[in-house]
Every structure is written in structure tokens, then in C-alpha cells.
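*Asks:* Sequence and predicted structure, then a few things I'm wondering about:
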Amino acid sequence: MVGKRTLSRRSFTKGALVAGAAAAMPRLTRAQSSTLKIGLMLPYSGVYSKFGEGITDGVEFALKQHGGKLGGRPVEIIKGDDQLDAKIGGEVARKLVTRDKVDIMVGTVGSNVAPVLQKICIDNNTPLIIPTAAGNELTGSRCNALVFRVSGSNWQLAHPMGTWLYARGAKRATTMAMNYAAGKEETENFSASFKAAGGQILDQKFPGVQELDYQAYFADILDKKPDAIFTFFAGSNAVEFVKQYAQAGLKDKVPLYGAEYLIDSTLLPAQGSAADGVIVSTYWTPSLENDANKKFVTEFEKTTGKEADLNSMHGHDAITVLAMALETTKGNVEDKSKLSAALEAVQFQSPRGPFKFSKAHNPIMDMYAVEARGGKLKVIATIAKDLADPAIGCSL
């Protein structure tokens, strides 16, 4: 349902966070210097609540860096909690887009919710910036001139890992992932490249999103004699999976690999030594060596009192691409073709490294293998350079 706990408003002026006015304004009659309304739809409750919190921290941090304005216009943020539920997300998105009449939408995290949000935005000619949801179809068969993603696709996260892991010496692997769109896509993409390299997939398992006890899924792993296991778990599920995998005595017998959120920097304190030696594919880590990242990590912690994580980086980059595009259009969001062209032209030094969009509006970026050790994440290899998603089915 949509209620008081689902939606909230915040306005940014001159870098200060103040209470936003709730009154809506006619969309087509606003001057370009009037308030720019951004809808921020994320999971603020449930297993992915930390994602919503982190992305919001990054959004608010970046807005403060820009003096609370984008394209010369003060910004009002209207938040919505999709609860990682496609039906609820649809209700929240329709309210933000059709009733609150936001100028731009930013969302979401769940690959099960994102297609619903995307359709509502496209149907209502509302630009959408996707901060995290990695579903391949979003910038593939569903690509659109007004839809841009700043994170990456499931293909980018998983495909290079299959090739790299085989070259590393693993010939037989099993996969395990949360049973929803992202988990299925990432294990499918990993399996495809691993098998293409010559590897064998022995088994695939998909625990439910709400499941937090994985012991039954570990029972026959050793019997199959895999060289490695590739996984997709995130949030509280990732904490429990990594801890239970070690407790079951499997970590030292079958090396654990996965996609970035398995050992996100915010999870390492809870995972403890169980995370040591776990390796994931990603395009960013707090220790990544470049000037933009050092500045981001330092200033984010100084401003917010929190450590930067992948979610806050996504929020930061979502606002950064909007800031650059709206500077080009001088705050004009009504001319959609000009706004789309301005977004397509965005290039900057992101905390992850050089940032630019592909023709399908997905980032082109380097991918890394990152290992957890002693509560820190360290890059151990570059597994792909300037990797662009194949964007199957996109006609842009």
C-alpha cells in the first residue's frame, strides 16, 4: 500500500537539508528556475533496506556538493518505499509520477521491481535514472531514450567472472542464488561464460528471498566435488550465507565466489572472518586507487559521518550525471530529446574510474576481482577492461 511510511519529501537549498513543501505545482507551467522535483523510489524496508538508505545518503551528499541545485533549480526529493515488491512498487511509482508529477525518477534496486517502474516512467514520458537494479533487459530489450542506468547489468557482473574463474583453474562449479530475477540472471550469465571457456556446471540452487537458513542447501555440495561455487546474495541474506558457509566447513574446501554484494563493505563487520578469502566481481570498492575515489570516500565520510559503500557511490553518480546533463540544458527537463542527448554525452571521473554511457545507456567500465581479507576489500585482478553490456534487443 501507499501511505505515510511509504512517501516522504525533502527539499535542498544552498546545500542545507530542509523540510519540503507538500503542495504540488502544475508541471508544464513551472519556470526553469522553479523547484525541480525528483522522485526517489527505493526499498526502505525489508531485506534490502540498507540499499535504500545507502543510495539516499549518496543522493543527499551529491546534492549538497551541488549547493542543493541542479541546472540552477532548487531540488525537492520525494521518497517512496517499494519494499522490494513489484505490486507495491507500481503503486508508489504511479503516485510519484502521475499525482506528485515528479520531473525525474531515480530508482530502484530490485530487478523484480525495476521493469514496473520503467514502464510507468516510459508511459508518462518521465526520465528515469536507475541507480542499482541490474536486470539485463532494462538497457537491453526494454531500453528507451529516457532510461539511463549508473550501476551496471547482471551480465557485466557475472559474465567476465566465468571466464576469469576458469582461467584461474576452476573446471567444475556449482551456483547458488536468491530466487528472483537478479539471482537467476547472474548465475545464468556466469554459467554461460564458464561453460564457453570449457567449464562444467554441476548444480544450481535458488533459495527463497526470505530464506535465511541455508544449511539444507549445503548438504550435497562436497559430494559433487566442485572446484568453486559462484553465488548471488545481498543484504542480510549475504551476511547469513557467508557466515553459514564457513560454519558448515565449506569455505576451505570449496572456494566461495560471487557478485559484488556478497561481501559489500558494509557487510564485512557482521560477516567477520567468515568473509576472509571470498572473492567477488565488481566495478568499485572503497580502496580503488584513483583520485576521484579517494576524494569521494574522504568527503563522504566527513560530510555524513558514514563510510562510503557501493550504494552511496551509486546515489552519488546518479545525481552527478543529472547535474551535468541539466547544466547542459540549463535546467530544462521539458524538452525530453535535449535532456536525453545531454545525458548520453555525460563523461566524468567517477569514483569507479572514467564514466560514460553505452548506446544503450548503460555504463562502460572496468571490472575487478576483489577479495575480502581482515575486514577490507582488495582488488586482486582486473578481469575486464572497458566492458560494455551487449544490450541484446536494444534498438537505440
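*Replies:* Looks like it arrived, so ask away.
*Asks:* Between the two ends of stretch 124-134, what distance do you get?
*Replies:* 22 Å (CA to CA, to the nearest Å).
*Asks:* just the helices in the protein please.
*Replies:* Assigned by DSSP state H, the helices in the chain fall at 49-65, 86-94, 114-123, 154-167, 181-197, 215-218, 221-224, 235-247, 268-271, 291-304, 310-329, 336-344.
*Asks:* What is the last one packed up against?
*Replies:* Packed against helix 336-344 by the contact rule (3 or more CB pairs under 8 Å, 6 or more residues apart in numbering; DSSP states H and E) you find helix 310-329. Glycine gets a C-beta too; all of them are placed from N, C-alpha and C.
*Asks:* Same check on the fifth one?
*Replies:* Based on contacts counted as 3+ CB pairs under 8 Å, 6+ apart, the elements that helix 181-197 packs against are helix 154-167, strand 172-177, strand 200-205, strand 228-232.
*Asks:* can you check the first one too?
*Replies:* Counting contacts by 3+ CB pairs under 8 Å, 6+ apart, helix 49-65 is packed against strand 7-13, strand 36-42, strand 73-81, helix 235-247, helix 291-304, helix 310-329.
*Asks:* Report the strands that pair with the third one, each with its relative direction.
*Replies:* Strand partners for strand 73-81, identified by DSSP bridges, are recorded as strand 7-13 (antiparallel), strand 36-42 (parallel), strand 69-70 (antiparallel).
*Asks:* centre of the chain versus it, how much separation?
*Replies:* Relative to its chain's centre, strand 73-81 lies at 19 Å (CA atoms, centre = their mean, to the nearest Å).
*Asks:* CA atoms only: put it into PDB for me.
*Replies:* These are the backbone C-alpha positions of strand 73-81, laid out as PDB (Å, rounded to 0.1, in the frame of the first residue of the first chain):
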ATOM      1  CA  ARG A  73      17.000  24.900  -9.900                       C
ATOM      2  CA  PRO A  74      16.400  24.000  -6.200                       C
ATOM      3  CA  VAL A  75      15.600  20.400  -5.800                       C
ATOM      4  CA  GLU A  76      12.800  18.700  -3.900                       C
ATOM      5  CA  ILE A  77      13.200  14.900  -3.200                       C
ATOM      6  CA  ILE A  78      10.000  12.900  -2.800                       C
ATOM      7  CA  LYS A  79      10.800   9.400  -1.500                       C
ATOM      8  CA  GLY A  80       8.900   6.200  -1.900                       C
ATOM      9  CA  ASP A  81       9.400   2.800  -0.400                       C
END
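*Asks:* Hey, what's the angle from that strand to helix 114-123? Just curious.
*Replies:* Angle of strand 73-81 versus helix 114-123, following axes from the mean of the first three to the mean of the last three CA atoms, to 10 degrees, is 140 degrees.
*Asks:* Give me the distance between Ser312 and Ser350.
*Replies:* According to CB to CB, to the nearest Å, Ser312 stands 13 Å off from Ser350.
*Asks:* Longest strand in this protein, please.
*Replies:* As assigned by DSSP state E, the longest strand anywhere in the chain is strand 376-387.
*Asks:* Identify all contacting residues around that one.
*Replies:* With contacts defined as CB atoms under 8 Å, 6 or more residues apart in numbering, strand 376-387 is touched by 156, 160-161, 163-164, 263, 265, 268, 279, 281, 285-289, 364-371.
*Asks:* run the last query once more with 7 Å
*Replies:* For strand 376-387, contacts defined as CB atoms under 7 Å, 6 or more residues apart in numbering pick out 156, 160-161, 164, 263, 265, 281, 285-288, 364-371.
*Asks:* who's in contact with the residue in the chain sticking out farthest from the centre?
*Replies:* Using CA atoms, centre = their mean, the residue of the chain lying farthest from its centre is Asp223. It sits 35.1 Å away. Contacts for Asp223 (CB under 7 Å, 6+ apart) come out as none.
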